[in-house]
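Student: here is my input; please provide its structure:
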Amino acid sequence: MVIITHQREKCIGCNYCVEFAFDQWRMSKKDGKATLIGAVNKKGFHTARVQDENLEANEKAAQACPVKIIQVKQV
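Tutor: Below you'll find the predicted structure:
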């Protein structure tokens with residue numbers, strides 16, 4: 001299992017996460033920020049659990065994020 005955490009309010013809308021991990025990320029038409037699909041928001045931290053096969057793509061997304069607001073860990 002992989003846990004992805006995203007601080008959405010700090011997102012600058014660069015779209016890298018969507019490019020690297022399209023299955024988990026979408027750009028919001030409303031505000032232009034990235035949205036983590038299936039995430040639960042707790043105090044500004046959006047968290048989702050995904051399958052292990054999505055680890056590599058989401059690690060690339062986290063590394064590419066210019067504001068470093070994506071954390072990915074395998075549990």
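
Student: strands along this structure, start to end?
Tutor: With DSSP state E, the ranges of strands along the chain come out as 2-6, 25-27, 34-36, 40-42, 45-50, 70-74.

Student: how distant is the longest one from the center of its chain?
Tutor: Put simply, strand 45-50 sits 8 Å off its chain's centre (C-alpha atoms, centre = their mean, to the nearest Å).

Student: one step back: as CSV, the strands of the chain with mean neighbour count and mean pLDDT would be great.
Tutor: Every residue, glycine included, has its C-beta placed from N, CA and C. Below are the strands of the chain laid out as CSV (neighbours: other C-beta atoms under 10 Å; pLDDT from 0 to 100):
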stretch, mean neighbour count, mean pLDDT
strand 2-6, 21, 98
strand 25-27, 18, 98
strand 34-36, 23, 98
strand 40-42, 10, 97
strand 45-50, 17, 98
strand 70-74, 17, 97
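
Student: and these as TSV, adding distance to Gln63?
Tutor: TSV is the format used below for the strands of the chain (distance: least, C-beta to C-beta, whole Å):
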stretch	distance to Gln63
strand 2-6	13
strand 25-27	14
strand 34-36	15
strand 40-42	23
strand 45-50	17
strand 70-74	9
